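1. the sequence isn't on hand, but the structure is:
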């Protein structure tokens, strides 16, 4: 299978949108961990961008080249399930505010509590053109999110799993194993 970069390798762009005061930068940790699994000839496989304001975030998302160059977009921030929004340090982004078709045909993952709700996901997917979205249904701790996504992306980037296959295996291994409840958050797949 030829991916967005034309090589058959899957590529991930991580957007870190957590307030610095939280000192729990899941996206940055994920970038560093996955960066250790990338060899010299595959350096462009994982990228990271730190964004703090709603204006900066929306301007960056409007650049359609992101969706063309990367297969997976990971958004690390806070969820506001009651307000139906993705929360950044400076502002909230509601599903209808995302640039139209900004994630056309891509898989988008959220490390944001409670965003896996119909009110957010249905409109987000329709607006952005994302082919699949993964997000936690409930509150998720920083360490649980980092562990869950590290395992998920390891399967996707290095073992050729589809997003559905990696989601299923990650949930079975980390959430539904005999020792249920190891990783909490109730990660949901929308596709």
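-> Here it is on my side, so go on. Fair warning: this is a prediction, and the values are worked out from it, not measured in the lab.

2. max-length helix in this protein?
-> Taking DSSP state H as the assignment, the helix of the chain that covers the most residues is helix 142-159.

3. any low-confidence regions in the protein?
-> Along the chain, the parts satisfying pLDDT under 70 run over 1-8, 38-44, 177-181.

4. helices of the chain, start to end?
-> When secondary structure is read from DSSP H, the chain shows helices at 26-35, 54-61, 65-69, 118-128, 142-159, 163-174.

5. and residue 11, how far is that from residue 190?
-> Residue 11 is 21 Å from residue 190, where distance means C-beta to C-beta, to the nearest Å. Bear in mind the C-beta positions are built from the backbone N, C-alpha and C, glycine included.

6. does anything pack onto the longest helix of the chain? Which helices or strands?
-> strand 12-16, helix 26-35, strand 72-76, strand 107-111, helix 163-174 (3 or more C-beta pairs under 8 Å, 6 or more residues apart in numbering; DSSP states H and E).

7. deepest of the ones you listed, which one?
-> Between the helices and strands packed on helix 142-159, the one whose residues have the most neighbours on average, counting mean count of other C-beta atoms under 10 Å, is strand 107-111 (a mean of 27).

8. mind listing residues that contact that one?
-> Applying C-beta atoms under 8 Å, 6 or more residues apart in numbering, the external contacts of strand 107-111 come out as 26-27, 30, 71-77, 79, 86, 116, 124, 128, 130-136, 140, 145-146, 149, 152, 163.
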